[in-house]
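Asks: Here is the input, now give the coordinates:
(chains A, B, C and D)
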Protein chains: 2
Amino acid sequence: MVTTVFGAEAGERRIDPYSAGCPTRRILDRIGDRWTVLIVGALGADTARFSELKRRVEGISQKMLTQTLRGMERDGLVLRTVHPEVPVRVEYTLTDAGLSLRAPLKALEDWSIEHLGSVLDHQASYDVRAAPEAR
Amino acid sequence: MVTTVFGAEAGERRIDPYSAGCPTRRILDRIGDRWTVLIVGALGADTARFSELKRRVEGISQKMLTQTLRGMERDGLVLRTVHPEVPVRVEYTLTDAGLSLRAPLKALEDWSIEHLGSVLDHQASYDVRAAPEAR
DNA sequence: CCGGATCCCACGTGATACTG
DNA sequence: CAGTATCACGTGGGATCCGG
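Replies: Here you go, the predicted model:
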């Protein structure tokens, strides 16, 4: 059974993030790690080498890049090709599944851009209201 | 300046997750914590009390529910109403901004449902390939 | 050049107990 | 009922060194 979280109105519906069958849980596992999302964006329709990817996703450590790429390869989001040359060359490309992830991710980015100002405003006024006694 | 990550083809574009102005970073901050997404789904178009919410989002601790709700309130995603009655009653409702988040989140859920099988298949075959020497 | 292996710290999170 | 406060813990993730 597949649990739908956003499909309908709320009501008495239960959400179990610990249910293995719940796809929402799977989204979070992939999206929640920060780097997967950025790598999908950095790769786009391109093919890129490890070091190029590391340069594009600024701030990522080698460990996290490797680790995240492995996870994505395991999930079939990314294709890893090793060219057995003198200095080894490894290239990464989004699979069809990976490419299809870009659309929903873009929807999220659009939302973020659209609401960024409003969110910042709320934060500012909230902080003022909530911290008058902050010595 | 606003950095667009998913808008166009990759190329030499830089992604800086540490740039305060990058909206992608803001999405991740909100989405990446697991609970915000689930609370948006659990609330939907409803109004719910604290304890009701805690029941709906199975597995969340009181601390995390409070903490996440505070963050969402701060960002203007949720409206918190305190009714000063005998046993205090506090109600939560998604704001317009919060409600509008449901669409992109649903897109993500749809993607997840659509690709769940494929992902599981890849994982299975990957695990077989990668761990033959697992004593 | 690509990444495996290790060490280690920080912080997110849960459990528990207390208050208005 | 709806939190706040405290403590204890696991692990995500950075730094570094090593290997193919």
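Asks: Which positions in stretch A:74-82 come out as buried?
Replies: For stretch A:74-82, burial by neighbour count (16 or more other Cβ atoms under 10 Å in any protein chain shown) applies to A:74-78. Every C-beta, even on glycine, is put in place using the N, C-alpha and C of the backbone.
Asks: Which ones among these map onto helices?
Replies: Under the assignment DSSP state H, the buried residues of stretch A:74-82 contribute A:Arg74 to helices.
Asks: so which of the buried residues of stretch A:74-82 also contact chain B?
Replies: Restricting those to those near chain B by Cβ under 8 Å from any Cβ of the partner chain leaves A:74-77.
Asks: Now do the helix of greatest length in chain A and helix B:96-130, the angle between them.
Replies: If you go by DSSP H, chain A has its longest helix at helix A:96-130. Angle between the axes of helix A:96-130 and helix B:96-130 is 140 degrees (criterion: axes from the mean of the first three to the mean of the last three Cα atoms, to 10 degrees).
Asks: Does helix A:96-130 reach chain B?
Replies: Yes. Counting by Cβ under 8 Å from any Cβ, chain B is contacted by helix A:96-130 at A:97, A:100-113, A:115-116, A:118-119, A:121-123, A:126-127, A:130.
Asks: list the helices and strands that helix packs on?
Replies: On a contact count with 3 or more Cβ pairs under 8 Å, 6 or more residues apart in numbering or on different chains; DSSP states H and E, helix A:96-130 meets helix A:35-43, helix B:23-31, helix B:62-74, helix B:96-130.
Asks: Check which residues of the third one are buried.
Replies: Buried residues in helix B:62-74, counting neighbours by 16+ other Cβ under 10 Å, are found at B:64-65, B:68-69, B:71-74.
Asks: which bits of chain A sit near DNA strand C?
Replies: Selection of chain A residues close to DNA strand C by Cβ under 7 Å from any atom of the strand yields A:49-51, A:62-63, A:66, A:69-70, A:80, A:82, A:87-90.
Asks: tell me the domain ranges of chain A?
Replies: The record's domain parsing of chain A by automatic domain parsing lists A:1-32, A:33-134.
Asks: on that earlier part again, can you tell me which of the buried residues of helix B:62-74 lies nearest to DNA strand D?
Replies: B:Leu69 (6.6 Å; Cβ to the nearest atom of the strand).
Asks: Look at the residue positioned nearest the centre of chain A and report its pLDDT.
Replies: By Cα atoms, centre = their mean, chain A has its centre lying nearest to A:Val37, at 2.5 Å. Looking at A:Val37, its pLDDT stands at 87.
Asks: do A:Ala20 as well
Replies: 42.
Asks: same question, A:Ala131
Replies: Reported pLDDT for A:Ala131: 66.
Asks: With A:Thr95 instead?
Replies: 96.
Asks: contacting residues for the residue lying closest to it once chain neighbours are set aside?
Replies: Leaving aside its chain neighbours, A:Thr95 sits nearest to A:Leu79 (5.3 Å; criterion: Cβ to Cβ, 6 or more residues apart in numbering or on different chains). Contacts for A:Leu79 (Cβ atoms under 8 Å, 6 or more residues apart in numbering or on different chains) come out as A:73, A:92-95.
Asks: and of the residues you listed, the nearest to chain B?
Replies: A:Glu73 (6.9 Å; Cβ to the nearest Cβ).
Asks: What are the neighbouring residues in contact with that closest one?
Replies: Neighbouring residues of A:Glu73 by Cβ under 8 Å, 6+ apart: A:79-80, B:126.
Asks: Among the residues you listed, name the ones that also lie close to DNA strand D.
Replies: Okay, of those, nothing touches DNA strand D (Cβ under 7 Å from any atom of the strand).
Asks: would you turn those residues into CSV with pLDDT?
Replies: Shown next, in CSV, are those (pLDDT from 0 to 100):
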residue, pLDDT
A:Leu79, 95
A:Arg80, 95
B:Tyr126, 89
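Asks: so which of the residues you listed comes closest to DNA strand C?
Replies: DNA strand C lies nearest to A:Arg80 out of those, by Cβ to the nearest atom of the strand, at 6.3 Å.
Asks: which phi and psi does that closest one have?
Replies: Note on A:Arg80: its backbone torsions stand at phi -110, psi 120 [degrees, to the nearest 10].
Asks: And whatever residue of chain A ends up closest to DNA strand C, how far from B:Gly59?
Replies: Closest residue of chain A to DNA strand C, Cβ to the nearest atom of the strand: A:Ser51 (2.9 Å). According to Cβ to Cβ, to the nearest Å, A:Ser51 stands 40 Å off from B:Gly59.
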